[in-house]
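Asker: Have a look; sequence and predicted model below, questions after that.
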Amino acid sequence: MPSERRRGGAAAASAAEGDGPARRADGPATGRGGTEPSRRAGASRPAPAKGAPRRPSPAAGTTGAGAGTGAGTGAGQDGAEPSRPSRGSRPDTPGAGAPPPPPGRAGGGARGAEPAAPEPVRWGEARRVAARTVTAAPPRTLPLDRALHHVLAAPVEALTDLPSFDTSAMDGWAVSGPGPWRLSPAAHGILAGQAEPAPLSDGSAVRIATGARIPYGATAVVRREHAREDGGTRLRLTDAAPQHTAAHGADIRPRGQECRSGDQLLTPGTPVTPAVLGLAAAAGYDQLTVTPRPRVEVLVLGEELLHRGLPRGDRIRDALGPLVGPWLEALGADVLVTRRLGDDAEALHEAVATTTADLVVTTGGTAHGPADHVHPTLRRVGARVLVGGVRVRPGHPMLLATLAGRAGAVGAVGAANAARHLIGLPGNPLAAVSGLVTLAAPLIRSRSGRPAPPPVHARLTEEVQGHPRDTRLVPVTHAADSAGAVPLRYAGPAMLRGIAVATHLAVVPPGGAPSGTPVQLLELPW
Ligand SMILES: Nc1nc2c(c(=O)[nH]1)N[C@H]1C(S)=C(S)[C@@H](COP(=O)(O)OP(=O)(O)OC[C@H]3O[C@@H](n4cnc5c(N)ncnc54)[C@H](O)[C@@H]3O)O[C@H]1N2
Ligand code: MOO
């Protein structure tokens, strides 16, 4: 690699590129006002070059007990995933010196002591594991103006009838019986918000505003465009008034028309939208009981990443820093911070070991090359890998791990909710998206109390080639009224051009799907 990209690591790169405060390349607690002083700058010292011999991890091989879900012998063993050289030995990486890992072994340093990589699991199983590894967080009661985008943890039952009194639906006159009517002398008539109006006697009318209380004795409201006052003493319908004007109950919204006090208006699991806030307020609520959104920290790994300007030399723009946080927010998480850590193993370790978030999401570094620090870091912090690779393309190196719970060790009784989790998204951008829909979506849904969306299926408009043994996720466009799901071009693992215009990801089974095959569609979360 040209030495330019190694100089100073990500911190220096960031400073030179003038990253704004909201998304600095690294540094303590980006976006949090420096409230996490224990975090040192991610790449405050030069990171090792990818392809250079890996700095031995201080704890590599010493904490393996929690590192795998099973006695898997590596991705390559069953032939589904050909064994591959470490990233450091890719032909385009000068200085590649490390030999390929032995069959069935993860690549990277400290090989002799590394535990076997866990077996990749099927795509559907990965989603199930992610969904059931957490349960909904304990409910909180929030004032209406802070409840938006959470999920109801308790039913919303009407605290009042709606409307809470018989109400005029129109500006006009409240009338009693058939016309013409004697006009009540009240100057402005009955206005909204006014106290109990005087009863209306048979054959009389009084002006009334939309939303005002209907006086006792009124049988209908006549709209102002359908009647005329004669000399201020009589009210008559105009010739153009529709036939049922002034029919019994016309343009009166009766008390309890929308709901009766105690009616269940909304069920737990309902997302709190602006409309929900409005309904809750109308029904008498000042606060709502919700499931809090999980708090997530995003760690973007990769020394090659630029955060501003044009790609240059062998450096590329970070496509995942801008993508992952907003995607997680759309899924129902609160993103505390997105930090850029370069390929600094120590910075990654410190970030993971000291996180206060419910969920850490990393990008890149999930493979087993010399600069891929996610797996060694998980071993070092004693994490338990629940999903270590998924039989899905793109995205097969994605992983899910449980970090130590708030109360202590991983696996402590009752720690399922208290534990923090880490999702490792592969570095290829569409592979990272695959990890978001496969692992992050179900986990965040469970934690934030959202029900799974109803399944969507559509027929493919053309053949989609499959992977021999793995599920494929393919960007498509599909409109509810359209003939089918149209596979998009530019859907390679490193490409975002297809997903940027997609409405869904199609789930293509191993072996592929001919044109006309019904396939499951995953909706994008916006
Ligand atoms: N010998 C083999 N090598 C690789 C295989 C394989 O089967 N055999 N799988 C490839 C696949 S597929 C993926 S995905 C990656 C996963 O590796 P990592 O998670 O360690 O990702 P990186 O090596 O860090 O990056 C991969 C690729 O993505 C680019 N990248 C990384 N982060 C970003 C970002 N924030 N924005 C834009 N692009 C990013 C990075 O530069 C690399 O080009 O492993 C493959 N290798
Ligand atoms: O699986 Mo990679 O994750 O194809 O891009």
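Answerer: That came in fine, so what should we check first? Residues are numbered from 1 along each chain as shown. Ligands and ions are numbered 1, 2, ... in the order given.

Asker: From here on, just use CA atoms for contacts and neighbour counts.
Answerer: Will do.

Asker: For the residue in the stretch 151-300 of the chain that ligand 1 sits nearest to, which residues count as its bridge partners?
Answerer: At 5.9 Å from ligand 1, residue 300 is the closest residue in the stretch 151-300 of the chain, using C-alpha to the nearest ligand atom. With DSSP bridges as the criterion, residue 300 is bridged to residue 340, residue 363.

Asker: any idea how far it lies from ligand 2?
Answerer: 16 Å (C-alpha to the nearest ligand atom, to the nearest Å).

Asker: what's the answer for residue 347, then?
Answerer: Residue 347 sits 24 Å away from ligand 2, going by C-alpha to the nearest ligand atom.

Asker: do residue 139 as well
Answerer: Taking C-alpha to the nearest ligand atom, one finds residue 139 at 36 Å from ligand 2.

Asker: Could you report the pLDDT at that residue?
Answerer: What the model reports as pLDDT for residue 139 is 97.

Asker: Give me the below-cutoff pLDDT ranges for this protein.
Answerer: Where the chain drops to pLDDT under 70, the residues are 1-117, 187, 405-418.

Asker: and it, which of its residues are near ligand 1?
Answerer: The chain comes close to ligand 1 at residues 84-87, 300, 302, 318-321, 363-367, 372, 394-395, 397, 426-429, 431, as judged by C-alpha under 6 Å from any ligand atom.

Asker: What residue in the chain is the furthest from its centre?
Answerer: residue 231 (63.9 Å; C-alpha atoms, centre = their mean).

Asker: What's the end-to-end length of stretch 266-286?
Answerer: This stretch, stretch 266-286, spans 15 Å end to end (C-alpha to C-alpha, to the nearest Å).

Asker: contacting residues around residue 152?
Answerer: 267-272, 288-291, 449 (C-alpha atoms under 8 Å, 6 or more residues apart in numbering).

Asker: rewinding a little: so which of the residues of the chain next to ligand 1 belong to strands?
Answerer: 300, 363 (DSSP state E).

Asker: Please narrow the residues of the chain next to ligand 1 to those residing in helices.
Answerer: Judged by DSSP state H, these include 321, 429, 431 as members of helices.

Asker: can you pull out the strands in the stretch 401-526 of the chain?
Answerer: Using DSSP state E, counting those that start in this stretch, the strands assigned to the stretch 401-526 of the chain run over residues 419-425, 456-459, 471-477, 486-487, 504-508, 518-523.

Asker: Residue 188 is nearest to which of those?
Answerer: Nearest to residue 188 among these is strand 518-523; the distance by C-alpha to C-alpha comes to 53.9 Å.

Asker: roughly how far is the closest one from the heart of the chain?
Answerer: 18 Å (C-alpha atoms, centre = their mean, to the nearest Å).

Asker: isn't residue 118 right up against residue 397?
Answerer: No - using C-alpha atoms under 8 Å, residue 118 is not in contact with residue 397; the gap is 10.7 Å.

Asker: Skipping its backbone neighbours, what lies nearest residue 226 in space?
Answerer: Excluding the flanking residues, the one nearest residue 226 by C-alpha to C-alpha, 6 or more residues apart in numbering is residue 241, at 4.7 Å.

Asker: and that neighbour, what is it in contact with?
Answerer: Contact analysis of residue 241 by C-alpha under 8 Å, 6+ apart lists 225-227.

Asker: wait, does stretch 425-438 contact ligand 2?
Answerer: Yes - applying C-alpha under 6 Å from any ligand atom, one finds stretch 425-438 in contact with ligand 2 at 426, 428, 431.

Asker: In CSV, list those residues along with neighbour count.
Answerer: As requested, the residues of stretch 425-438 next to ligand 2 are exported to CSV (neighbours: other C-alpha atoms under 10 Å):
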residue, neighbour count
426, 27
428, 20
431, 26
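
Asker: As JSON lines, those residues with distance to residue 134 would be great.
Answerer: Output for those, formatted as JSON lines (distance: C-alpha to C-alpha, whole Å):
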{"residue": "426", "distance to residue 134": "22"}
{"residue": "428", "distance to residue 134": "27"}
{"residue": "431", "distance to residue 134": "23"}
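
Asker: picking that back up, tell me the most buried of the strands of the stretch 401-526 of the chain?
Answerer: Comparing the strands of the stretch 401-526 of the chain by mean neighbour count (mean count of other C-alpha atoms under 10 Å), strand 419-425 comes out on top with a mean of 28.

Asker: Can you dump the C-alpha atoms of that one in CSV for me?
Answerer: Output of strand 419-425 as CSV, limited to C-alpha atoms (Å, rounded to 0.1, in the frame of the first residue of the first chain):
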residue,chain,number,x,y,z
ALA,A,419,-26.5,-7.8,28.1
ARG,A,420,-25.1,-5.6,25.4
HIS,A,421,-24.7,-7.0,21.9
LEU,A,422,-22.4,-6.4,19.0
ILE,A,423,-23.3,-6.8,15.3
GLY,A,424,-20.4,-7.0,12.9
LEU,A,425,-21.3,-5.9,9.5
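
Asker: I appreciate the help and will end here.
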